[in-house]
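# need a structure here:
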Amino acid sequence: MGGLTAPAVVAGHTSQARLRGKPVPRQLQQALRDSQLGAATEHSTNGSSANGSADSLSGVQRPVLHSSSWEAAVRGAPQVFPRSAAAPVPNRLRVFSGTSNPSLSQEVAHYLGMDLGKVKIKRFADGEIYVQVMESIRGCDVFLIQPTCPPVNDHLMELLVMIDACRRASARSVTAVMPYFGYARADRKTQGRESIAAKLTANILTEAGADRVLAVDLHSGQCVGYFDIPVDHVYGDSVILDYLASKRISTGDLVVVSPDVGGVARARAFAKKLNDAPLAIVDKRRSAHNVSEVMNLIGDVRGKVAVLVDDMIDTAGTITNAAKVLHAEGAREVYACATHAVFSPPAVERLSSGVFQEVIVTNTIPVAPELQFPALTVLSVANLLGETIWRVYNATSVQSIRE
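The predicted model follows:
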């Protein structure tokens with residue numbers, strides 16, 4: 001029965017030719033059999049007129065099947081699972097969180113007006129990571145929020161396994177939302193026989209199955225080019241600028257300072273948004289990794305409020321030495337502003353030593369209670385991430401967020 005084909009009726013005779021090479025639905029097969037049976041019965045009752053004369057056959061109604069009529073029959077057939085024509089379009093947006101910063105992920109989900117997706121993440125006794133998505137994401141656009149903050153390797157591997165789990169669950173697209181991108185500082189070769197770990201990490205994320213990356217304040221713009229997939233690069237300075245505006249510091253008393261030459265472009269963009277505040281630069285010489293020595297200051301900070309701007313604070317050696325030079329040059333107050341609070345030891349001791357009026361960071365990396373101190377202010381980037389996720393999902397402009 002599965003091999004039955006639609007008979008093409010030509011001048012009252014049928015042939016078993018397949019219509020356009022398409023299989024015929026079962027409802028139509030039954031209708032064709034009924035039509036053929038009725039035609040055969042009528043032909044037998046009028047056997048005396050079988051001489052082929054037109055007069056004797058004038059009253060016989062021959063079944064005629066057009067080549068496309070079976071498609072219309074299928075469209076008109078009752079649906080096995082009927083759906084209302086007014087049914088709403090399902091929301092295919094899904095947001096999941098890793099274990100590195102669940103509080104930020106919860107804030108992002110709250111901004112989007114939805115709950116975080118259910119996912120099981122556990123570690124075996126030997127340290128291996130297990131991930132299982134606990135709900136259907138077939139055909140969904142999935143966003144995985146996971147900053148690769150310390151311990152960097154564990155959180156990076158967890159993100160890779162989450163991407164693979166979503167891929168195998170038939171997600172339509174997977175976006176890795178990385179508020180902090182570990183290995184971003186290894187973005188170039190400064191000596192022979194060095195690795196470029198930022199490029200390697202980008203390749204691993206792509207091979208794991210990520211379709212897109214959403215990152216906040218990458219260490220350098222060239223990191224975007226390391227990815228062979230689209231990258232949405234957003235900046236946390238808008239959150240910090242709003243907070244500084246609330247402090248009502250006079251524009252004439254304000255000077256933006258870059259703690260090293262490499263951050264001049266970042267500091268210049270920051271100063272432009274503060275009514276074109278003047279810019280100063282601290283010339284730094286680094287003798288080893290995580291070790292810096294300040295040499296001199298370019299610019300005037302005497303009697304002014306100095307705002308040091310950087311993308312991250314790791315051991316706080318660079319920004320603390322810069323603050324000491326600013327005080328020595330006559331700065332009235334010194335503020336430290338950074339997006340990523342890595343806070344590797346002895347960062348807290350340096351930052352809480354009294355050289356800063358206030359240290360302003362964001363929650364791209366969770367700040368543990370033991371790393372907090374009175375001069376520390378932590379701002380949330382949840383609204384920024386939530387708005388960016390919504391725009392990516394709806395295929396609208398992300399660049400306009402900064403405009």
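# contacts, neighbours, all on C-alpha from now
Fine.
# Report the spatially nearest residue to residue 226, omitting neighbours in sequence.
Nearest in space to residue 226, with sequence neighbours left out and distances taken as C-alpha to C-alpha, 6 or more residues apart in numbering, is residue 199 at 5.2 Å.
# so when I look at the one you found, I'm seeing a helix, right?
Yes - under DSSP: H, G, I helix; E, B strand; the rest coil, residue 199 falls within a helix.
# List the residues that contact it.
187, 223, 226-227 (C-alpha atoms under 8 Å, 6 or more residues apart in numbering).
# List just the nearest of those to residue 114.
residue 227 (29.7 Å; C-alpha to C-alpha).
# Can you check the pLDDT for the residue nearest to residue 226?
With respect to pLDDT, residue 199 has a value of 97.
# Let me know the distance separating it from residue 231.
From residue 199 across to residue 231, the span is 13 Å (C-alpha to C-alpha, to the nearest Å).
# can you check residue 338 too?
22 Å.
# ok, so of the contacts of residue 199, who is nearest residue 97?
For the contacts of residue 199, the closest approach to residue 97 (C-alpha to C-alpha) belongs to residue 227, at 22.2 Å.
# Spell out the secondary structure type for the closest residue in space to that closest one that isn't next to it in sequence.
Once flanking residues are discounted, residue 227 sits nearest to residue 202: 5.3 Å by C-alpha to C-alpha, 6+ apart. What three-state DSSP gives for residue 202 is helix.
# what number of residues lie near residue 202?
A count of nearby residues for residue 202, using other C-alpha atoms under 10 Å, gives 22.
# my read: it touches residue 226, true?
Yes - applying C-alpha atoms under 8 Å, one finds residue 202 in contact with residue 226, separated by 6.2 Å.
# List the buried residues for the helix or strand hosting residue 266?
Residue 266 is part of helix 264-273 when elements are defined by DSSP states H and E. Going by neighbour count (16 or more other C-alpha atoms under 10 Å), the buried part of helix 264-273 is 264, 266-268, 270-271.
# and of the residues you listed, the nearest to residue 137?
Of all these, the one with the least separation from residue 137 (C-alpha to C-alpha) is residue 266, at 38.8 Å.
# thinking again about what came up before, now for the contacts of residue 199, which pair is the farthest apart?
Greatest spatial distance in these: 187 and 227, 12.2 Å, computed using C-alpha to C-alpha.
# Okay, helices next: where are they in the chain?
For the chain, the helices defined by DSSP state H cover 26-45, 69-76, 102-112, 152-168, 197-208, 237-246, 264-273, 317-328, 347-351, 382-393.
# Now distance to residue 365 too, for those helices, in CSV please.
Converted to CSV, the helices of the chain look like this (distance: least, C-alpha to C-alpha, whole Å):
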stretch, distance to residue 365
helix 26-45, 60
helix 69-76, 55
helix 102-112, 9
helix 152-168, 11
helix 197-208, 18
helix 237-246, 15
helix 264-273, 20
helix 317-328, 18
helix 347-351, 15
helix 382-393, 12
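# so which of those gets nearest residue 215?
helix 382-393 (9.2 Å).
# wait, isn't residue 392 in contact with residue 398?
Yes - using C-alpha under 8 Å, residue 392 makes contact with residue 398 at a distance of 7.2 Å.
# Look up the residues that both of the two are in contact with.
With C-alpha under 8 Å, 6+ apart, residue 392 and residue 398 have no common neighbours.
# Give the burial count for residue 194, as a bare number.
Look at residue 194: counted by other C-alpha under 10 Å, it has 10 neighbours.
# gap between it and residue 182?
For residue 194 relative to residue 182 (C-alpha to C-alpha), the value is 17 Å.
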